[in-house]
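# 3D, please:
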Amino acid sequence: MHDFDLCVIGSGPAGQRAAIQAAKTGKRACIIERREVLGGVAINTGTIPSKALREAVLHLSGHRYANFNIDNTAPLKDIKIEDLIFWCQQVISSEIEIVRSQLTRNDIQIFTGTASFEDPHTVKVVHGSQIKTVTSENFLIATGTHPARPDNIPFDSTRIVDADGILFLPNLPRTILIVGGGVIGAEYASMLQIMGCKVTLVESRPRLLEFLDAEIGEALQYHLRQSGMTLRLAEKVTKAEIIDAPPGARAQDGKLVMATLESGKTLKADCLLYCIGRQGATEELNLSAVNLTADKRGRIEVNDKYQTAVPHIYAAGDVIGFPALASTSMEQGRLAACHMFSVHSDSMPHLIPFGIYSIPEISMVGWTEDKLTEDDIPFDTGVAHYREIARGQLLGDQIGMLKLLVHQETRAILGVHCIGTGATEIIHIGQAVMALNGTADYFVNTVFNYPTLAECYKVAAMNAVNKLVHV
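As a prediction, this is how the structure comes out:
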């Protein structure tokens with residue numbers, strides 16, 4: 001008999017949910033975590049720290065109330081990095097304790113150490129000089145990812161850092177180059193700009209966050225430029241190096257980082273944040289012992305039930321690739337555990353919401369205009385601007401907007417896109433209506449609390465319906 005019914009490798013969102021789901025069905029579950037603390041990247045270096053930093057920046061800078069100032073050109077309050085780190089650590093510590101409490105309450109055994117397979121039902125756990133063997137009927141690989149570190153970027157943890165190292169900078173740089181305009185790059189770029197750093201963001205694609213609705217993406221780029229950020233789009237960094245600052249240059253310790261672009265341009269700054277790509281944390285799993293392999297980015301291939309090529313070994317979360325969100329990782333872990341123990345469960349992968357915690361924040365669910373046009377689906381749009389909504393005025397949000405994509409014949413809601421305060425919260429109203437096959441008429445006929453941002457749905461729906469009836 002094996003020690004456990006399920007052994008989870010990794011205590012991030014996917015691992016937590018899988019272990020708890022197994023425990024709820026009466027199964028014996030354990031988690032192996034190589035860190036001394038629980039939570040994986042999501043709690044310790046990724047999702048929670050970056051969002052805690054965002055909240056700290058908005059609070060300490062006074063940015064939330066900037067639109068109420070008579071003089072909007074006044075400098076924001078000076079922010080010390082010590083204040084930001086203190087704020088973040090409070091949140092991280094609380095989240096770690098919440099996770100530990102949840103696992104303990106569900107009788108999930110926790111092993112600290114690095115796991116590696118010895119055979120299809122056995123892993124070895126190494127923690128310092130201690131070695132333990134754990135056997136299990138099923139396994140879930142939920143080891144997550146770590147930032148990619150290409151050879152042409154000389155990381156040094158002080159001037160050239162990755163997304164995991166940005167919170168450990170000794171001080172805030174005056175100028176910073178951010179390489180990569182994906183979710184992580186856009187989020188940190190907008191935060192650092194508000195913190196008083198002069199930011200240059202380099203992205204190899206023609207626009208930031210190309211998976212977004214084009215209008216929303218353009219609105220983000222406009223706002224970032226208005227805040228003083230420099231965007232270098234359709235440019236690629238081929239080399240980075242630390243150089244002596246030229247005479248007269250303002251530089252910390254007389255040194256600067258210089259990035260060379262494929263076009264031949266050079267960019268200089270006090271610091272460089274590299275956030276292009278992540279690598280699956282599978283190097284130490286000894287996958288060959290169970291006849292599994294990872295791709296060149298360390299990702300593990302799974303089927304629609306999250307099974308690997310070895311049916312009793314599952315994988316979930318960032319380690320299997322896109323969409324690599326904490327929210328989707330949780331659901332993948334839950335669904336994997338349900339499948340392995342024959343528990344019925346439904347899912348709606350077509351209604352996964354995306355949340356980007358840039359400043360301003362962005363969220364979306366469903367299709368984009370480009371995708372609907374490509375698929376020849378007839379639609380109209382309905383838009384509500386926060387500045388037209390009383391709650392938007394109360395919040396001082398002049399740039400927020402909500403957009404509905406509505407089928408021209410059935411009036412079904414095909415997509416919801418939002419930029420502005422609370423975007424990642426109010427998107428779920430549209431998500432719920434889409435899940436229940438609702439139409440624009442639902443929003444037209446529904447009464448929303450006044451004043452709320454939810455009113456945007458009624459205004460946007462009326463705008464769309466007016467177009468449908470040619471008003």
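# mind checking the longest helix of this protein?
Longest helix in the chain, counting residues (DSSP state H): helix 81-105.
# what does it rub up against?
11, 16, 19-20, 31, 37-39, 43-44, 48-49, 52-53, 55-57, 59-60, 110, 167, 169-172, 195 (C-beta atoms under 8 Å, 6 or more residues apart in numbering). (Each C-beta comes from the backbone N, C-alpha and C, glycine too.)
# which ones among those residues lie within helices?
16, 19-20, 43-44, 48-49, 52-53, 55-57, 59-60.
# so where is the protein shaky, pLDDT-wise?
Residues of the chain that meet the criterion pLDDT under 70 lie in 62-80, 471.
# what about the helices in it?
13-24, 40-44, 47-61, 81-105, 183-194, 214-226, 326-340, 369-374, 390-395, 423-435, 440-445, 455-468.
# quick one, which of those is nearest to Ala148?
Proximity to Ala148 (C-beta to C-beta) singles out helix 183-194 among these, at 11.4 Å.
# now Glu55, nearest residue through space, not along the chain?
Trp87 (7.5 Å; C-beta to C-beta, 6 or more residues apart in numbering).
# how far away is that neighbour from Leu53?
To Leu53, Trp87 is 8 Å away according to C-beta to C-beta, to the nearest Å.
# which parts of stretch 304-315 are buried?
Tyr306, Gln307, Thr308, Ile313, Tyr314, Ala315 (16 or more other C-beta atoms under 10 Å).
# try stretch 243-252
Ala245, Ala251, Gln252.
# can you check stretch 271-287 too?
271-276, 278-282, 285, 287.
# give me the contact list for stretch 226-239.
By C-beta under 8 Å, 6+ apart, stretch 226-239 touches 152-153, 179, 181, 189-190, 193-194, 198-208, 221, 224-225, 259-263, 265, 267.
# could you redo the last one with a cut-off of 7 Å?
152, 179, 189, 193, 199-207, 221, 224-225, 259-263 (C-beta atoms under 7 Å, 6 or more residues apart in numbering).
# what of stretch 378-388?
372, 392-393, 397-398, 400-409, 414, 420, 440, 456, 459-461, 463-464, 467-468.
# and the contacts of the longest strand along the chain?
Ranked by residue count, the top strand of the chain under DSSP state E comes out as strand 130-141. For strand 130-141, contacts defined as C-beta under 7 Å, 6+ apart pick out 2-9, 15, 18, 30, 111, 121-125, 285, 300, 312-316, 319, 333, 336, 340.
# can you pull the domain assignment for the chain?
The chain resolves into domains spanning 4-147+279-350, 160-276, 360-468 when parsed by automatic domain parsing.
# what's the burial count for Gly396?
When neighbours are counted by other C-beta atoms under 10 Å, Gly396 registers 15.
# likewise Val302?
Val302, neighbours per other C-beta under 10 Å, totals 20.
# list the contacts for it?
Val302 neighbours (C-beta under 7 Å, 6+ apart): Thr308, Ala315, Ile320.
# for the first one, what are its contacts?
Taking C-beta under 7 Å, 6+ apart as the contact definition, Thr308 lies against Leu292, Ile300, Val302, Tyr314, Ala315.
# greatest separation within those residues: which pair is it?
Pairwise across the contacts of Thr308, and taking C-beta to C-beta, the largest span is found between Leu292 and Tyr314, at 11.4 Å.
# one step back: buried residues in the longest helix of the chain?
Neighbour-count burial for helix 81-105 [16+ other C-beta under 10 Å]: Leu84, Ile85, Trp87, Cys88, Val91, Ile92, Glu95, Ile96, Val99, Arg100, Gln102, Leu103.
# now do stretch 375-382
Phe379, Asp380, Thr381, Gly382.
# show me these that map onto strands.
Using DSSP E, the buried residues of stretch 375-382 in strands are Phe379, Asp380, Thr381, Gly382.
# so can I have CSV of the residues you listed showing distance to Lys132?
Output for these, formatted as CSV (distance: C-beta to C-beta, whole Å):
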residue, distance to Lys132
Phe379, 57
Asp380, 61
Thr381, 58
Gly382, 59
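# what about the nearest residue to Lys265 once chain neighbours are set aside, neighbour count?
Spatially, and ignoring its direct neighbours in sequence, Lys265 is nearest to Glu235 (7.4 Å; C-beta to C-beta, 6+ apart). By the criterion of other C-beta under 10 Å, Glu235 has 18 neighbours.
# tell me which residues are up against stretch 457-465.
By C-beta under 7 Å, 6+ apart, stretch 457-465 touches 380-384, 388-389, 402-404, 406, 429-430, 440, 443-444, 446, 448.
# same thing but at 6 Å, please
Asp380, Gly382, Val383, Ala384, Leu402, Leu404, Val406, Ala440, Phe443, Val444, Phe448 (C-beta atoms under 6 Å, 6 or more residues apart in numbering).
# picking that back up, closest to Ser129 among the contacts of Val302?
When the contacts of Val302 are compared against Ser129 (criterion: C-beta to C-beta), the nearest one is Ala315, at 29.5 Å.
# OK, contacts around the closest one?
Ile141, Ile300, Val302, Thr308.
# for Ile108, see how far away it is.
19 Å.
# what two of the ones in strands among the buried residues of stretch 375-382 have the greatest distance between them?
Going by C-beta to C-beta, the pair spanning those furthest: Phe379 and Gly382, at 10.2 Å.
# Gly12 versus the one residue sitting closest to the centre of the chain, what's the distance?
Nearest residue to the geometric centre of the chain (C-alpha atoms, centre = their mean): Leu325, 5.3 Å. Per C-beta to C-beta, Leu325 is found 12 Å from Gly12.
# do the same with Ala245
40 Å.
# check Arg159 too.
Taken as C-beta to C-beta, the span from Arg159 to Gly12 is 29 Å.
# cool, and Thr452?
34 Å.
# the two: which has the busier surroundings?
Gly12 (33 against 16).
# please name the nearest non-neighbouring residue to the more buried one.
With C-beta to C-beta, 6+ apart, the residue lying closest to Gly12 is Gly40, at 2.7 Å.
# many thanks, I have nothing further to ask.
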